[in-house]
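Sequence first, then the predicted structure, then my questions.
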Amino acid sequence: MTALVVGVARDGGPALEGLLAGLARSFPAVVLVVAHRGGPHDDDDDLVARLRPRCALPVVLARDKAPLVPGRVLVAPAAYHLLVDDGRCALSAGAPESGERPAIAALFDTAAADLALGLVAVLLGDTGADGAAAAEALPPGALVRPAPDDDLVARVLSRLSEVAR
Amino acid sequence: MDPRPSIADERLETRLLVEGLHARWGLDVSGRAKAALRRDARAVARAGGLDGIAGLLARAIREEAWRDRLVDALCTRDVTLFRHAGTWVAFRHKVAPLLRTFPRLRLWVPACGTGEDVWALAIVLAEEGLLERSRVWANELGPGALARAEAGAWPADRADAFAAAHARAGGRLPLSHWTEVTDGRLAIRPELRARISFAPHALEAPVPHNAFHVVVCRDALLAYDPPAAERALDVLVRGLLPFGTLVLGRGETVDDTPAAALLERLDPDESLWRRSR
């Protein structure tokens, strides 16, 4: 299975909406999203409701132990970390990392450790220390960096076909 | 500085850590979710200046203090008082009325971590006029976590956040009615403590069946892998009286588990279930 993991800074909302809007129904990978919003104990959540109309793929809150499903967008709930564990989502109420919960590092680190996943990663906006820690956890070549005037989705699809196994 | 261990190294070291804890101390953490266990072990090693999970393994099989440090890390959730306030609002509206029909209530908070849900439950029971008839049993495996739960005290700088969460949770009086600030700590008032008892206990261990009117176990099953979580959920559900209430964390579900056959959901948005028989 292939996975696209997306880490989103507080200023990355529009970029996230743009990325999700560019995904066709035939998108082959599971998409996992960790978006910084509020503080680590802020547990209100309307992110999925805001993203859902913008995306052709189903967008849902990641539930603990839910299987990773290609063509679905799983969003880390507020005030939980989202990990990947043996082909499933795993939530955690553990301490914030780099002051963030959900932390992008927890997702990227565990997705990289799930050896059955062909992994592509994207960071949107200024993700700070958490984003830096997340990027460090990735295997070489997994991170696709957005660039202006660039078709990010096309580059993601291209990289996904390279890592598919 | 040694290069970062490979994923394969860390998986091996985590597996050996699980075996070592069991062989040396009889402590069984084999049912813990592996990714979280690996990261928690790594964090404990890093905080202690040890050489990775292998370094933690060496200390944890020789020294109780290191074993306890790891167990406490596995048991500790960083949560506020009245986390997910909507759950407590639903509890007041949908569960408290049924609880009022019983002259005596028994409530269980297993795997209580550092106790935030124990004290939130105590406050809600008091505000709903139910505390006097209640006995609450709170359990936790990690000794440090259990001690913190029993202490019922937090840094005073959390007072505002806790008070706001309490208000969102339907608090009828200010949180300061139930807490006091001394020596830079926000602490639960003594009056709330009489009905609450704390004891060490592992979630995997057997408990009486059909005993409790309410079981509160929020965000604890997250720490277990799917088969162990199913077994633990079965323990929780069988501990409930018929028509007893189970309160889980908002990210948790009973769908696709055997226990689901005994439960009906009380609220479409909140993680409250009733044992139907």
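Cool, got the structure. Numbers count the residues shown, from 1 in each chain, chains lettered A, B, ... in the order given.

For B:Leu37, which non-adjacent residue is spatially closest?
Leaving aside its sequence neighbours, B:Leu37 sits nearest to B:Thr14 (CB to CB, 6 or more residues apart in numbering or on different chains; 6.1 Å). (C-beta placed from N, C-alpha, C; glycine too.)

Name the helix or strand for the one you found, please.
For B:Thr14, the host element (DSSP states H and E) is helix B:7-25.

So for that helix, what gets flagged as buried?
B:7, B:10-11, B:13-15, B:17-18, B:20-21 (16 or more other CB atoms under 10 Å in any protein chain shown).

cool, and stretch B:24-42?
Buried residues in stretch B:24-42, counted by 16+ other CB under 10 Å: B:27, B:29, B:31-42.

Spit out the contact partners of residue 143.
Let's take chain A. A:121-123, A:135 (CB atoms under 8 Å, 6 or more residues apart in numbering or on different chains).

My question was about chain B, not that one.
B:68, B:71-72, B:200.

For the residue nearest to A:Ala129 when sequence neighbours are not counted, grab phi and psi.
Leaving aside its sequence neighbours, A:Ala129 sits nearest to A:Ser98 (CB to CB, 6+ apart; 4.1 Å). Phi and psi for A:Ser98, reported as degrees, to the nearest 10, are phi 50, psi 30.

residues from chain B in reach of chain A?
Contact residues, chain B versus chain A (CB under 8 Å from any CB of the partner chain): B:7, B:10-11, B:33-36, B:38-40, B:76-80, B:83-85, B:161, B:165, B:219, B:221-223, B:225-226, B:229, B:249-253.

immediately after the helix holding B:Thr14, which helix or strand?
helix B:34-47.

For that next one, name the packing helices and strands.
strand A:81-85, strand A:88-92, helix A:104-113, helix B:7-25, helix B:52-60, helix B:64-75 (3 or more CB pairs under 8 Å, 6 or more residues apart in numbering or on different chains; DSSP states H and E).

CA atoms of the helix holding B:Thr14 as CSV?
Extracted in CSV, the C-alpha atoms of helix B:7-25 (Å, rounded to 0.1, in the frame of the first residue of the first chain):
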residue,chain,number,x,y,z
ILE,B,7,13.8,1.0,12.2
ALA,B,8,14.8,-2.6,12.2
ASP,B,9,17.1,-2.0,15.2
GLU,B,10,14.4,-0.2,17.2
ARG,B,11,11.8,-2.9,16.5
LEU,B,12,14.2,-5.6,17.7
GLU,B,13,15.2,-3.6,20.8
THR,B,14,11.5,-3.0,21.6
ARG,B,15,10.8,-6.7,21.3
LEU,B,16,13.7,-7.6,23.6
LEU,B,17,12.5,-4.9,26.0
VAL,B,18,9.0,-6.5,26.2
GLU,B,19,10.6,-10.0,26.7
GLY,B,20,13.0,-8.6,29.3
LEU,B,21,10.4,-6.9,31.4
HIS,B,22,8.4,-10.1,31.5
ALA,B,23,11.3,-12.4,32.2
ARG,B,24,12.8,-10.2,34.9
TRP,B,25,9.7,-8.7,36.6
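
and for it, what are the contacting residues?
A:112-113, A:115, B:5, B:27-30, B:32, B:34, B:37-38, B:41-42, B:52-54, B:56-57, B:60-61, B:64, B:67, B:70.

If I take that helix and helix A:104-113, what angle do their directions form?
100 degrees (axes from the mean of the first three to the mean of the last three CA atoms, to 10 degrees).

Quick one: distance of the lengthiest strand in chain B to the chain centre.
In chain B, with assignment by DSSP state E, the single longest strand is strand B:240-248. Counting by CA atoms, centre = their mean, to the nearest Å, strand B:240-248 is centred 16 Å from the centre of its parent chain.

That strand: partners in the sheet, and parallel or antiparallel?
Looking at strand B:240-248 with DSSP bridges, its partner strands are strand B:212-217 (parallel), strand B:272-275 (antiparallel).

average pLDDT for the first one?
In other words, strand B:212-217. For strand B:212-217, the mean pLDDT works out to 97.

before we move on, what about stretch B:39-57?
So the average pLDDT for stretch B:39-57 ends up being 96.

now do the same end-to-end measure for that stretch.
14 Å (CA to CA, to the nearest Å).

Can you point out the buried residues in that stretch?
In terms of neighbour count (16+ other CB under 10 Å), stretch B:39-57 has its buried residues at B:39-45, B:50, B:52-57.

Need the contact partners of it.
By CB under 8 Å, 6+ apart, stretch B:39-57 touches A:83, A:94, A:106, A:109-110, B:2, B:5, B:9-10, B:13-14, B:16-17, B:20, B:38, B:58-59, B:66, B:69-70, B:73-74.

go again using 6 Å as the cut-off
Here stretch B:39-57 makes contact (CB atoms under 6 Å, 6 or more residues apart in numbering or on different chains) with B:5, B:10, B:13-14, B:16-17, B:20, B:69-70, B:73-74.

Repeat that for stretch B:191-201.
Under CB under 6 Å, 6+ apart, the answer for stretch B:191-201 is B:122, B:131, B:134-139, B:146, B:150.

and whichever helix or strand B:Leu107 is part of with strand B:212-217, angle?
For B:Leu107, the host element (DSSP H and E) is strand B:105-109. Angle, strand B:105-109 to strand B:212-217, by the same axes, to 10 degrees: 20 degrees.
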